[in-house]
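Enquirer: Kindly return the folded structure for what I paste below:
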Amino acid sequence: RWAYDGIDEIERIQDYSATLIKRERIDGKLLEHEYMFVKIRHRPFSVYMYFLGPEKKKGQEVVYVEGANDGKMLAHGTGIQKLFGTVSLDPTGQIAMTDNRYPITEVGIVTLVRRLIEVGEKDVQYGECEVKYFPGAKIENRLCTCLRVIHPVPRRNFLFHIAQIYVDDELNLPIRYEAYDWPAEEGGKPQLTEEYTYLNLKLNNGFTDADFDIRNPNYQFKSK
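Expert: Numbering: from 1, shown residues only. Here you go, the predicted model:
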């Protein structure tokens, strides 16, 4: 219900910056946390991403602008990879999707809320869903309300066993989403499949095309 009520309000936000902390399970293996500074603009959908960690990815930059650069994302690596300069990648191609459950075209809070709506619509069809609310939760220093969605019985149509969404009480925005699969063995703990946290959110910064341009002098891209 919250997602339905909030999507219009969220889409009215022009842009935002944040520190994105991501952790995903890929091919059965839970990967380490990734830390990124992101700038996101809603129209046209645009992303600038600077990797803060882990160390092997620190300094990598990525730019994606919907409808520009032939639909490709522009990126550069660090260390030896930086010698290749700026590379143009298909967002859904094998290289871009390495260690990622979703493409860069789906990053951000709006996509997160849309995904919650899709899950909710499926749950209405199939039932077997418990929803609990926990006010007073905290993410870093932000006071939140936690929504916990539980599917008690494994079904093929369910995407997760447990999902928890933390909505910032002041901003009325989801700042963390975490999903768990059913335990691998009877009596075991649910397995984390994906977790995304948005910290230090700053809304409506007035980002321009220059914020999503590899020629920005504050970025480390080499001209193509």
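Enquirer: which residue ranges form the strands in the chain?
Expert: Here the chain has its strands, by DSSP state E, at 15-26, 29-30, 34-41, 46-53, 61-65, 73-76, 87-89, 130-139, 142-150, 162-168, 173-181, 191-203.
Enquirer: Which residues does the first one contact?
Expert: It stands for strand 15-26. 30-42, 49, 52, 99-101, 107, 109, 181, 191-207 (Cβ atoms under 8 Å, 6 or more residues apart in numbering). Glycine gets a C-beta too; all of them are placed from N, C-alpha and C.
Enquirer: May I see the ChimeraX selection of the buried members of those residues?
Expert: A single ChimeraX command selects the buried members of the contacts of strand 15-26 (16 or more other Cβ atoms under 10 Å):
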select :34,35,36,38,39,40,41,42,49,52,100,107,109,181,193,194,195,196,197,198,201,207
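Enquirer: Any idea how many residues pack against I10?
Expert: 20 (other Cβ atoms under 10 Å).
Enquirer: export the strands of the chain to TSV and tack on distance to G6?
Expert: Formatted as TSV, the strands of the chain follow (distance: least, Cβ to Cβ, whole Å):
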stretch	distance to G6
strand 15-26	15
strand 29-30	30
strand 34-41	17
strand 46-53	21
strand 61-65	25
strand 73-76	28
strand 87-89	32
strand 130-139	15
strand 142-150	12
strand 162-168	8
strand 173-181	8
strand 191-203	14
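Enquirer: between the ones you listed, which gets nearest to F212?
Expert: Closest approach to F212 among those is made by strand 46-53 (4.2 Å; Cβ to Cβ).
Enquirer: That closest one versus strand 61-65: what angle between them?
Expert: 160 degrees (axes from the mean of the first three to the mean of the last three Cα atoms, to 10 degrees).
Enquirer: how far out from the middle of the chain is strand 46-53?
Expert: 11 Å (Cα atoms, centre = their mean, to the nearest Å).
Enquirer: Equivalent analysis for stretch 48-62, please.
Expert: 15 Å.
Enquirer: Likewise for stretch 152-168?
Expert: 17 Å.
Enquirer: okay, now the domains of this protein?
Expert: 2-105+205-212, 109-200 (automatic domain parsing).
Enquirer: Can you list the low-confidence ranges for this protein?
Expert: For the chain, the stretches with pLDDT under 70 are 1-5, 80-81, 83, 122-127, 223-224.
Enquirer: so what does the longest helix seen in the chain touch, helix or strand wise?
Expert: Determined from DSSP state H, the single longest helix within the chain is helix 109-126. Judged by 3 or more Cβ pairs under 8 Å, 6 or more residues apart in numbering; DSSP states H and E, helix 109-126 is in contact with helix 2-11, strand 173-181.
Enquirer: ok, and which of these has the densest surroundings?
Expert: Looking across the helices and strands packed on helix 109-126 with neighbours counted as mean count of other Cβ atoms under 10 Å, the highest average goes to strand 173-181: a mean of 21.
Enquirer: now the angle from it to strand 15-26?
Expert: Going by the same axes, to 10 degrees, strand 173-181 makes 10 degrees with strand 15-26.
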